[in-house]
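Engineer: could you work out the structure for the sequence below:
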Amino acid sequence: MTRRRPPARRRTARPAKRQQQKDAQLIAFAVMAAAAIGLVVMVVNWLLAHWWVLVIALVLAVLAGVGLLSHRRQRARWEAVRAQGLRYALSQLDGLHHAKFEEAVRDLMRRDGCQDAQRVGGGGDLGADVKATDPLGRRWVIQCKHRRNGVRGSAVGTPDLQVLNGTARPVHGADVAVIVTNGRVSGPAVAFAKQQRLHVVDRQTLAVWASGSRPLWELLRAVPPPRRSTSLS
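Structural biologist: Below you'll find the predicted structure:
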């Protein structure tokens with residue numbers, strides 16, 4: 001007896017189903033687009049019929065913009081007043097983290113009129129913690145050495161000054177290279193600073209600068225003469 005072959009299975013019409021799904025998606029998209037367009041048309045027609053709503057909205061927007069601008073200007077004035085009156089006591093500076101100490105030095109330079117003063121300290125700063133341009137056009141590069149124990153901490157030594165001397169002028173283009181500390185500076189370091197035309201702001205000078213209103217360049221000796229007038233002058 002010959003065996004009958006099983007009837008062949010009919011292939012499902014997958015392409016047709018996929019096409020139907022695509023058609024359904026296109027129809028749904030077309031319906032949504034038409035509804036969105038219709039809604040936009042309705043809103044536009046309503047606004048055209050009620051044009052005074054647009055006028056009121058425009059006036060409110062203008063008033064809000066003027067109020068925001070006035071608030072920003074007032075805030076800038078108060079910030080300027082606050083900056084001019086910025087004061088630090090040595091006890092405050094002693095209690096700061098070294099990064100906050102650098103920020104304090106930056107803020108004092110801004111108080112003195114160095115509008116572009118910025119803190120750049122951190123890994124790879126190449127001896128520059130704060131950079132600033134004074135109102136007379138001179139470029140300042142400042143290295144900060146914070147001592148948690150103040151004058152009882154380790155003294156700033158010649159190696160610290162050597163780092164500043166090696167990078168301040170050739171790398172950062174400094175006219176005035178300064179090292180600032182809330183601690184003490186060793187005798188050899190002071191002598192090295194004089195030889196290399198570096199400026200040292202020790203604890204005593206820092207106290208006068210931070211607690212008063214005189215700019216740093218009035219407290220230091222042999223500061224380079226002013227450059228030509230700049231936008232900060």
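
Engineer: C-alpha from now on. contacts and neighbour counts both.
Structural biologist: Will do.

Engineer: count of residues packed around the closest residue to residue 207 other than its chain neighbours?
Structural biologist: Excluding its sequence neighbours, the residue lying closest to residue 207 (Cα to Cα, 6 or more residues apart in numbering) is residue 90, at 6.1 Å. Using other Cα atoms under 10 Å, residue 90 has 17 neighbouring residues.

Engineer: go on, residue 189?
Structural biologist: By other Cα under 10 Å, neighbour count at residue 189 equals 19.

Engineer: could you say which helix or strand holds it?
Structural biologist: For residue 189, the enclosing helix or strand under DSSP states H and E is helix 187-195.

Engineer: now do that helix: which elements does it pack against?
Structural biologist: With contacts defined as 3 or more Cα pairs under 8 Å, 6 or more residues apart in numbering; DSSP states H and E, helix 187-195 has these neighbours: helix 158-167, strand 199-201.

Engineer: list the neighbouring strands of the shortest one plus their orientation.
Structural biologist: What that stands for is strand 199-201. Neighbouring strands of strand 199-201 in its sheet, by DSSP bridges, are strand 176-181 (parallel).

Engineer: output the partner strand as CSV, restricted to C-alpha atoms.
Structural biologist: The C-alpha trace of strand 176-181 is given here as CSV (Å, rounded to 0.1, in the frame of the first residue of the first chain):
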residue,chain,number,x,y,z
VAL,A,176,53.2,90.7,39.3
ALA,A,177,54.0,87.3,40.9
VAL,A,178,52.7,86.9,44.5
ILE,A,179,52.6,84.2,47.1
VAL,A,180,49.9,84.7,49.8
THR,A,181,49.8,82.8,53.1
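
Engineer: and the residue nearest to residue 156 when sequence neighbours are not counted, backbone torsions?
Structural biologist: Nearest non-adjacent residue to residue 156, counting by Cα to Cα, 6+ apart: residue 185, 4.6 Å away. The phi/psi pair for residue 185 (degrees, to the nearest 10) reads phi -120, psi 130.

Engineer: residue 185 contacts residue 155, correct?
Structural biologist: Yes. Counting by Cα atoms under 8 Å, residue 185 does reach residue 155; the two are 5.0 Å apart.

Engineer: which one's more surrounded, those two?
Structural biologist: More neighbours surround residue 185 than the other of residue 185 and residue 155, with 21 against 17 (other Cα under 10 Å).

Engineer: which residues touch the more buried one?
Structural biologist: If you count contacts by Cα atoms under 8 Å, 6 or more residues apart in numbering, residue 185 has them with 155, 156, 157, 202.
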